[in-house]
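Q: Build me a model from this:
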Amino acid sequence: MSSSEAVQLRIGRGQTRALIVGVVGIVLAIVLGLRNPQQFYHSYLYAFVFWAAIPLGCLGILNLHHLTGGWWGLPIRRIVEAGSRTLPFVFVLFLPVLAGMGKLYLWAQPAAVEADPLLQYKKPYLNPSFFTVRTVIYFAIWILLMFLQNKWSKEQDRTADPALKNRMSSLAGPAFILWAVMVTLAAVDWVMSLEPHWFSTIYGMVFMLIDGLTAMSFAVFVVRRLYDQEPLKDCVEPKRFLDLGNLMLAMLLLLTYMSFDQLLIVWSGNLKTEIPWYTQRVFGGWAPVAAILIVGHFFVPFFLLLQRGVKRRLNVLALVAAWLMVLSMLNIYWHIAPAFDTHAPHFHLLDFLALIGVGGLWVGVFLWQLKKWPLLPLHDPRFEGALEHAHGD
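A: Numbering: from 1, shown residues only. Got it, this is the predicted structure:
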């Protein structure tokens, strides 16, 4: 059996296991959800937002790579391309959120809107019809950008046309701006509007960085799982992972800065329409979660990623990446769940089932996309030396 066939077989086994876990998890979640529909939609939204963060972050990282170039993109490019190609499936996963709008959002409940002057004022924007139209637009733009970058990448593999590299780079700048705007609007629609009396102009940037950091952590973790297989082990030197660790550190610092900046502005303003969003999340029952995020999602990975030895050793860097993914999961939960459980977290079995159900299905689709293409881009002039070495073997 060739090394390529061994990799395909390994990915295929992982795909099968992920799909089985996903199907079992989502079926059990639906069964329990029939008895508690309200909790089902709450849990499903949380699971969706977390798993959608990875393909959305992958699309952003893919355009960032084409915009800046650099060797850091070599080991993860096919991973972020495969992640971005799951976006049509992510749109399908969003359909239950559309179906459950009335149980998730106050602005989708006519009685609540009638009783609240602020919701009436926001009704031209926050209403079910326009919400649905905007979501379709977001996904249409994301999928179009994904399609073009992946199409040209595949053509580059097939034709070795050097002009395709310039075409992907030329699209990357406008695509990154469009991606950022759409992620900002989606974060406002899907998450911030759960509490429509509160708003923040930094909120979209926070979620852009959550998406990017989660996707980068996921890509590093997948690289570690595949690194002992050809062609990765033959053409990607360990020192190249230093750049990936540095990018993770930069995203972590930006995320922490934006999150603290948002807190500082809201806290110093001390307005009764803004401050309750934070007081219910940093005091009372939610205080331990906030403390875990401060220590675990910033201080611990920050000091680890400062160490060159950590970033040069893929085994250790992958552990840090896995830790960041788990804490990103908690961070998203901290953003969403207090809208429903205002005084303290009430972890429900449906939270776990929805998370593994949606996650299993998404990972299965991701692995299906990953095994369709070679693990390294072929004929990209930025990586000619490494690719020639791989093909020489």
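
Q: Settle this for me: P238 is touching V316, isn't it.
A: No: counting by Cβ atoms under 8 Å, P238 stays clear of V316, with 11.0 Å between them. From N, CA and C alone the C-beta is placed, and that goes for glycine too.

Q: Looking at the two, which is more packed in?
A: Set P238 next to V316 and count neighbours by other Cβ atoms under 10 Å: V316 wins out with 17 against 12.

Q: what's the neighbour count on the closest residue to that one other than its chain neighbours?
A: The shortest distance from V316 to any non-neighbouring residue, by Cβ to Cβ, 6 or more residues apart in numbering, is to V310 (5.0 Å). A count of neighbours around V310, defined by other Cβ under 10 Å, yields 20.

Q: which ones are touching the residue nearest to the spatial centre of the chain?
A: Most central in the chain under Cα atoms, centre = their mean is A53, positioned 1.9 Å from the mean C-alpha point. Shown in contact with A53 (Cβ atoms under 8 Å, 6 or more residues apart in numbering): 207, 210-211, 214-215, 328, 332.

Q: Go through the helix or strand hosting it and flag the buried ones.
A: Take DSSP states H and E as the rule and A53 turns out to sit in helix 37-68. Residues of helix 37-68 classed as buried by neighbour count (16 or more other Cβ atoms under 10 Å): 39-67.

Q: next one: stretch 122-135
A: Buried residues in stretch 122-135 (16+ other Cβ under 10 Å): 122, 126-127, 131, 134-135.

Q: possible to save these as JSON lines with distance to E155?
A: Shown next, in JSON lines, are these (distance: Cβ to Cβ, whole Å):
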{"residue": "K122", "distance to E155": "45"}
{"residue": "L126", "distance to E155": "42"}
{"residue": "N127", "distance to E155": "42"}
{"residue": "F131", "distance to E155": "37"}
{"residue": "R134", "distance to E155": "32"}
{"residue": "T135", "distance to E155": "30"}
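
Q: Okay, and which of the residues you listed map to helices?
A: 122, 131, 134-135 (DSSP state H).

Q: Run through the helices of the stretch 151-300 of the chain in chain order.
A: Under the criterion DSSP state H, counting those that start in this stretch, the stretch 151-300 of the chain contains helices at 163-190, 203-226, 232-235, 241-269, 275-282, 287-294, 300-305.

Q: any chance of the buried residues of stretch 122-135 in a markdown table, with distance to F383 and pLDDT too?
A: Below are the buried residues of stretch 122-135 laid out as a markdown table (distance: Cβ to Cβ, whole Å; pLDDT from 0 to 100):
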| residue | distance to F383 | pLDDT |
| --- | --- | --- |
| K122 | 49 | 96 |
| L126 | 46 | 97 |
| N127 | 48 | 97 |
| F131 | 42 | 98 |
| R134 | 38 | 98 |
| T135 | 37 | 98 |
